[in-house]
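Student: This is the structure alone, sequence omitted:
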């Protein structure tokens with residue numbers, strides 16, 4: 001075996017706890033966004049806010065993360081993920097709980113989301129994926145799939161848990177208990193198991209391994225000027241922006257889409273739980289497929305399939321089998337967006353400047369995730385229904401998928417075996 005080459009089994013033996021803690025950490029990132037839909041009705045009834053105002057909160061938070069993502073990408077490459085993630089988990093927990101103190105002021109609502117967005121960047125996907133991508137090469141697709149599966153867990157559990165807390169204790173207590181419960185568990189697990197190779201001990205071990213010839217001395221990948229000139233990265237960026245905008249708008253408004261179709265709140269929460277289960281399966285299956293087949297076809301067709309989650313819900317819930325099909329497709333296909341983007345950023349950009357490259361891509365994606373829910377809310381307030389947004393969303397998913405299908409083959413970053421290098425010489 002070549003120096004530095006590890007088998008997939010060895011990668012998992014050494015890195016599975018990092019994947020577990022990263023997945024839980026990323027799930028905390030999604031709690032507030034996954035629960036936005038279930039809070040729309042009680043907040044709207046108590047404060048008289050329309051859908052545009054209610055959608056503005058998540059839009060502002062994701063926009064804030066967009067502006068800060070490149071800066072945090074630089075910090076990740078310099079200091080590692082752990083030093084940013086641990087305090088980020090604590091601050092995020094406190095910020096989430098503070099939403100239970102709202103008094104009906106729309107200005108306060110906006111200000112709280114601005115602060116929340118500034119904090120949220122410390123636990124977004126770049127933080128967790130950078131640590132995992134450094135530890136996995138042969139099983140990178142599956143490992144990243146498990147990390148982003150944390151969002152699927154949140155998307156499945158939060159609607160049911162949040163609706164139960166709202167109905168039993170009120171929306172204020174729901175915010176507080178979801179924050180404290182999820183945040184405390186995340187902090188404990190990450191404190192014990194989330195390591196990214198940047199501690200003094202890990203650096204010393206890595207240096208000893210390099211001197212012994214067990215790992216390569218440098219990390220392959222594009223320089224920043226090369227990344228800026230890469231057509232493939234620009235195509236990945238465009239695809240991610242389009243698909244993320246329409247699918248995030250769909251996800252944030254999915255709960256009211258269902259309830260306004262005549263489905264009760266409890267049943268709607270159950271359907272979202274079903275979607276969450278499908279999302280876990282989708283992330284794992286997509287990660288497995290990305291490691292084994294041509295990634296641009298796997299990623300492109302999966303993103304294009306997101307349209308199948310939206311089309312059945314046009315003109316309301318016409319039949320329960322169609323609704324169930326839409327929920328399964330929503331989970332399986334839509335839940336893979338971050339996984340696919342992470343994989344392609346690492347494959348086409350390499351790991352040399354992964355934090356900076358994906359931090360920039362993530363910033364643009366964050367703008368899209370803020371725009372999508374706001375667009376959906378505005379189109380609803382204008383037309384009185386979600387049909388026009390669902391039509392635009394389905395078309396956007398197909399376009400985004402096609403952009404990945406036509407990508408060129410990814411560079412081969414792995415160094416040749418010593419025997420091969422000698423033969424060439």
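Tutor: Cool, the structure landed. All figures in this text were calculated on a predicted structure; none of them were measured in a lab.
Student: Okay, now the unreliable bits of the stretch 301-425 of the chain?
Tutor: Within the stretch 301-425 of the chain, the ranges that satisfy pLDDT under 70 run 316-317, 335, 413-425.
Student: residue boundaries of the helices in it?
Tutor: 307-310, 320-332, 337-349, 354-383, 387-405, 418-424 (DSSP state H, counting those that start in this stretch).
Student: Let's have the ones you listed in a markdown table, adding mean neighbour count and distance to residue 20.
Tutor: Glycine gets a C-beta too; all of them are placed from N, C-alpha and C. Shown next, in a markdown table, are those (neighbours: other C-beta atoms under 10 Å; distance: least, C-beta to C-beta, whole Å):
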| stretch | mean neighbour count | distance to residue 20 |
| --- | --- | --- |
| helix 307-310 | 25 | 28 |
| helix 320-332 | 20 | 21 |
| helix 337-349 | 27 | 16 |
| helix 354-383 | 23 | 21 |
| helix 387-405 | 20 | 29 |
| helix 418-424 | 10 | 34 |
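Student: between those helices, which one is nearest to residue 65?
Tutor: Nearest of the helices of the stretch 301-425 of the chain to residue 65, taken as C-beta to C-beta: helix 354-383 at 4.4 Å.
Student: Does that closest one pack against any helices or strands, and if so which?
Tutor: Other elements packing on helix 354-383 under the criterion 3 or more C-beta pairs under 8 Å, 6 or more residues apart in numbering; DSSP states H and E are helix 51-79, helix 125-135, helix 224-228, helix 231-259, helix 337-349, helix 387-405.
Student: So in this protein, where's the weakest helix or strand by average pLDDT?
Tutor: Between all helices and strands in the chain, the lowest mean by mean pLDDT, DSSP states H and E belongs to helix 418-424, at a mean of 41.
Student: Residue 16: neighbour count?
Tutor: Residue 16: 14 surrounding residues under other C-beta atoms under 10 Å.
Student: Of the helices and strands packed on helix 354-383, which is nearest residue 106?
Tutor: Across the helices and strands packed on helix 354-383, closest to residue 106 is helix 51-79 (C-beta to C-beta), at 5.9 Å.
Student: between whatever helix or strand comes next after that closest one and helix 51-79, how many degrees?
Tutor: Downstream of helix 51-79, the next assigned helix or strand under DSSP states H and E is helix 82-98. With axes from the mean of the first three to the mean of the last three C-alpha atoms, to 10 degrees defining the directions, helix 82-98 sits at 160 degrees from helix 51-79.
Student: Can you tell me the centre-most residue of the chain?
Tutor: Geometric centre of the chain, nearest residue: residue 338, 4.5 Å, by C-alpha atoms, centre = their mean.
Student: for it, what are its contacts?
Tutor: Residue 338 sits next to 125, 148, 151 when contact means C-beta atoms under 8 Å, 6 or more residues apart in numbering.
Student: if we can go back for a sec, got the helices and strands packed on helix 354-383 as a markdown table, with distance to residue 171 columns?
Tutor: Below are those laid out as a markdown table (distance: least, C-beta to C-beta, whole Å):
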| stretch | distance to residue 171 |
| --- | --- |
| helix 51-79 | 12 |
| helix 125-135 | 28 |
| helix 224-228 | 44 |
| helix 231-259 | 14 |
| helix 337-349 | 28 |
| helix 387-405 | 25 |
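Student: coming back round to it: in TSV: the helices of the stretch 301-425 of the chain, plus distance to residue 227.
Tutor: As requested, the helices of the stretch 301-425 of the chain are arranged in TSV below (distance: least, C-beta to C-beta, whole Å):
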stretch	distance to residue 227
helix 307-310	30
helix 320-332	31
helix 337-349	6
helix 354-383	5
helix 387-405	18
helix 418-424	27
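Student: Before we move on, what's the pLDDT of the nearest residue to residue 360 once chain neighbours are set aside?
Tutor: Among residues not flanking residue 360 along the chain, residue 70 sits closest, at 5.1 Å (C-beta to C-beta, 6 or more residues apart in numbering). pLDDT recorded at residue 70 is 73.
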